[in-house]
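1. sequence plus the predicted model coming up.
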Amino acid sequence: MAKSDTKTTPASKRPEDPGRRDFIVISTYAMAALGGAAVAWPLIDQMNPAADTLALANIEVDVSKIAEGQSITVKWRGKPVFIRHRTEDEIARATATDLSDLRDPESDQTRAEKPDYLVLVGVCTHLGCVPLGQKTGEVRGDYDGWFCPCHGSHYDTSGRIRKGPAPTNLEVPPYEFLSDSVIRIG
Amino acid sequence: MSAEKFQNPVVRWIDHRLPVFSMLDHEKYDYPVPKNLNYMWNFGVLAGLSLAIMIITGIVLAMSYTAHVDYAFDAVERIMRDVNHGWMIRYIHMNAASFFFIVVYIHIFRGLYYGSYKAPRELLWILGVVIFLLMMATAFMGYVLPWGQMSFWGATVITNLFSAIPVVGDSIVTLLWGGFSVDNPTLNRFFSLHYLMPFVIAGVVVLHIMALHRFGSNNPIGIDASGPQDTISFHPYYTVKDMVGIAVFLLLLAMAVFFFPNAMGHPDNYIPANPLQTPAHIVPEWYFLPFYAILRAVPDKLGGVLLMFGAIAVLFVLPWLDRSPVRSARFRPVFRIFFWLLLIDAVILGYLGGKPAEGIYVVLSRIATAWYFLHFLVILPLLSVFETTKPLPKSISEPVLGASREAA
């Protein structure tokens, strides 16, 4: 009988028959691989940012207390963020600039949702120093914005690079106005 | 070492220079294992698996832990609450520690029952006791790291034991503490040593396995294999059998981790350490309880310490205490009774270790401690000489196949 032949003949001697044993062996390896992946994933994922780190991924800032002409610095994701309440004069100079004069052309409108408030990541795009210009009395550079003392990059009143080695404008972080006085960064 | 077995040219190139493939092949197929091993022989592999689980989860936990008295407790809580899957990794680490001891205790009692410590495996046994000691040191220091009430006070009690040593005791304790009490320097060094010890254990495990492979495994009837007819290759028979054991082990571990993660722990360790307030009952983790009972049974401080270490010291010299030429308890009816009495005594000592050192518990601890030492130091040597053992079978195959079929 064919059935007893299959039972008594070892797989190596049975021609063309893939055999139940191969199925079991392959399934075992497949399950072991899946099991291994299931074990490995949490051990790797635990290195991703934890809940408390993610909680600091967004911050809310009340900008109503910033007087005109004044700047504050807040910490966001470990980096300084400059928030400046610009004067009329600063806004005028920013919007009047000819884009062909800029190394990294960007209009002021795209950089400041509400022109009164400028929100920038205060990290020089050259090699990462924190530019001067936040506090009264600090050097603001030739364009009256910010000046990086490390290698002499000058940024204008819209935070755009004008002179010096920095390749791009100061980064505008993702932010939105939750109300007239509160912004959420990140 | 034969590279002829391998066809793959890359494998042959490597194997010719570093014979890892030949070695693995030898262990899988050439290494003869008695064919009558029962499930009691699964526990060595389970112990190795437990060590691997502890090292992997431990290294991952160390990424989020801060070993400072002001931050340690909160760091562990951060792992439990904020770190992705942190709660699971932490619960696996603490429950696998308990499972590691369960598995090792069964492994030890297997050795006691079947005479696996007897010649020529004395050194194998001694290496095992060394591993056990290292495990206890590692577990003790690991338990201090969360800096809960039991962490702190357990550390205080156990480090204070060393002051019982005459003349140099207090200096040793100051050296261990790095100060005038268990404090930040102590926690920091415990973290460093806790990270180190598992790798020392791994090294001794390698020696343990090398010693095992010198003569091969013992077996339930304690008679050496007389030839290839008594043995089978490790792969696939014992690899698959071990996989079954591993599956059951992981199932039980998962049950503990996901449904009863704190059942084997002490709730007081969820209270931050307070050096100014001692908990009502200081108890170590369950796997230390028998030794804790022996420690407290002796009214003298130094005596208690000596007897507690003595309880492990007798294990070191066991091959010379029990000199019966018959290995397995299957053929030693009187020894078998005393084995079960020892097991019950160990469980009773464990129970008493968790009780306050008062009244009837003290009396019972003393009786149980006395019985423990009586077993090893008096009963075993006497049995070696006076026990009438049952007749041994001729070989491993004989009891199953019968004398006539044995030649087949």
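-> Looks like it arrived, so ask away.
2. so which residues make contact with the helix or strand that contains residue B:385?
-> Using DSSP states H and E, residue B:385 maps to helix B:380-386. Where contact means Cβ atoms under 8 Å, 6 or more residues apart in numbering or on different chains, the residues beyond helix B:380-386 that reach it are B:318, B:321, B:322, B:323, B:324, B:332, B:334, B:335, B:338. C-betas here are computed from N, CA, C, even on glycine.
3. what is the nearest of the residues you listed to residue B:398?
-> Looking at these and their distance to residue B:398, the nearest is residue B:332, at 18.9 Å (Cβ to Cβ).
4. if we can go back for a sec, and the helix holding residue B:385, what's buried?
-> Within helix B:380-386, the residues that count as buried by 16 or more other Cβ atoms under 10 Å in any protein chain shown are B:380, B:383, B:384.
5. and for stretch B:244-253?
-> Applying a neighbour-count criterion of 16+ other Cβ under 10 Å, one finds B:245, B:249, B:250, B:253 buried in stretch B:244-253.
6. could you point out which element follows the helix or strand containing the third one?
-> Of the helices and strands defined by DSSP H and E, residue B:250 is found in helix B:239-259. Going down the chain from helix B:239-259, the next helix or strand is helix B:289-297, by DSSP H and E.
7. which other helices and strands contact the very next helix or strand once past that next one?
-> Next in sequence after helix B:289-297, counting helices and strands by DSSP H and E, comes helix B:301-316. The helices and strands touching helix B:301-316, judged by 3 or more Cβ pairs under 8 Å, 6 or more residues apart in numbering or on different chains; DSSP states H and E, are helix B:122-144, helix B:289-297, helix B:359-374.
8. same for the first one, what does it pack against?
-> Secondary structure elements in contact with helix B:122-144, counted by 3+ Cβ pairs under 8 Å, 6+ apart, are helix B:86-114, helix B:149-160, helix B:184-215, helix B:301-316, helix B:318-321.
9. buried ones in that helix, by neighbour count?
-> So, applying 16+ other Cβ under 10 Å, buried residues of helix B:122-144: B:122-136, B:138-144.
10. could you tell me the angle between it and helix B:149-160?
-> The directions of helix B:122-144 and helix B:149-160 differ by 130 degrees, with axes from the mean of the first three to the mean of the last three Cα atoms, to 10 degrees as the criterion.
11. put the alpha carbons of helix B:122-144 into PDB.
-> Output for helix B:122-144, consisting of C-alpha atoms alone and laid out as PDB, is shown next (Å, rounded to 0.1, in the frame of the first residue of the first chain):
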ATOM      1  CA  GLU B 122      34.400  16.400  40.800                       C
ATOM      2  CA  LEU B 123      35.900  19.500  39.200                       C
ATOM      3  CA  LEU B 124      32.700  20.000  37.000                       C
ATOM      4  CA  TRP B 125      30.700  20.000  40.300                       C
ATOM      5  CA  ILE B 126      33.100  22.500  42.000                       C
ATOM      6  CA  LEU B 127      33.000  24.800  39.000                       C
ATOM      7  CA  GLY B 128      29.200  24.700  39.300                       C
ATOM      8  CA  VAL B 129      29.400  25.700  43.000                       C
ATOM      9  CA  VAL B 130      31.600  28.600  42.000                       C
ATOM     10  CA  ILE B 131      29.000  29.700  39.400                       C
ATOM     11  CA  PHE B 132      26.400  29.500  42.200                       C
ATOM     12  CA  LEU B 133      28.400  31.700  44.500                       C
ATOM     13  CA  LEU B 134      29.000  34.200  41.700                       C
ATOM     14  CA  MET B 135      25.200  34.200  40.900                       C
ATOM     15  CA  MET B 136      24.500  35.000  44.600                       C
ATOM     16  CA  ALA B 137      26.900  37.900  44.600                       C
ATOM     17  CA  THR B 138      25.500  39.200  41.300                       C
ATOM     18  CA  ALA B 139      21.900  38.900  42.500                       C
ATOM     19  CA  PHE B 140      22.600  40.600  45.800                       C
ATOM     20  CA  MET B 141      24.200  43.600  44.200                       C
ATOM     21  CA  GLY B 142      21.600  43.800  41.500                       C
ATOM     22  CA  TYR B 143      18.800  44.000  44.100                       C
ATOM     23  CA  VAL B 144      20.500  47.000  45.700                       C
END
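12. tell me how far that helix lies from the chain's centre.
-> Centroid displacement of helix B:122-144 relative to its chain, using Cα atoms, centre = their mean, to the nearest Å, is 6 Å.
13. ok, now stretch B:279-298?
-> Here stretch B:279-298 is found 18 Å from its chain centre; the criterion is Cα atoms, centre = their mean.
14. pull out the buried residues from that stretch.
-> Neighbour counts using 16+ other Cβ under 10 Å place B:279, B:282-298 of stretch B:279-298 among the buried residues.
15. likewise for stretch B:37-46?
-> Using 16+ other Cβ under 10 Å, the residues of stretch B:37-46 that count as buried are B:37, B:41, B:42, B:43, B:44, B:45, B:46.
16. how near is the nearest residue to the first one once chain neighbours are set aside to chain A?
-> Spatial nearest neighbour of residue B:37, chain neighbours left out: residue B:219 (5.8 Å); criterion: Cβ to Cβ, 6 or more residues apart in numbering or on different chains. Per Cβ to the nearest Cβ, to the nearest Å, residue B:219 is found 27 Å from chain A.
17. what residues does chain A put near chain B?
-> When proximity is defined by Cβ under 8 Å from any Cβ of the partner chain, chain A lies next to chain B at A:42, A:43, A:45, A:46, A:47, A:48, A:50, A:51, A:52, A:53.
18. repeat that with 7 Å
-> Counting by Cβ under 7 Å from any Cβ of the partner chain, chain A comes close to chain B at A:42, A:43, A:45, A:46, A:47, A:48, A:50, A:51, A:52.
19. between which two of these is the distance greatest?
-> Looking at the residues of chain A next to chain B by Cβ to Cβ, the two members farthest from one another are A:43 and A:52, with 19.8 Å of separation.
20. where in chain B is pLDDT low?
-> Judged by pLDDT under 70, chain B has its weakly predicted residues at B:1-4, B:403-408.
21. tell me the domain ranges of it?
-> For chain B, automatic domain parsing gives the domain ranges B:31-282, B:285-391.
22. which one of the ones you listed lies nearest to residue A:123?
-> Evaluated over the domains of chain B, closeness to residue A:123 peaks at domain B:31-282, with 26.7 Å, by Cβ to Cβ.
23. span of the closest one from start to end?
-> According to Cα to Cα, to the nearest Å, domain B:31-282 extends 48 Å from its N-terminal end residue to its C-terminal end residue.
24. how far off centre is it?
-> Computed by Cα atoms, centre = their mean, the separation of domain B:31-282 from the middle of its chain amounts to 7 Å.
25. spell out which parts of chain B neighbour chain A.
-> Residues of chain B lying close to chain A by Cβ under 7 Å from any Cβ are B:56, B:60, B:63, B:78, B:81, B:82, B:83, B:84, B:85, B:86, B:88, B:89.
26. before we move on, back to that, turn the helices and strands packed on helix B:301-316 into JSON lines, including distance to residue B:399.
-> Listed next are these as JSON lines, based on distance: least, Cβ to Cβ, whole Å:
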{"stretch": "helix B:122-144", "distance to residue B:399": "25"}
{"stretch": "helix B:289-297", "distance to residue B:399": "36"}
{"stretch": "helix B:359-374", "distance to residue B:399": "34"}
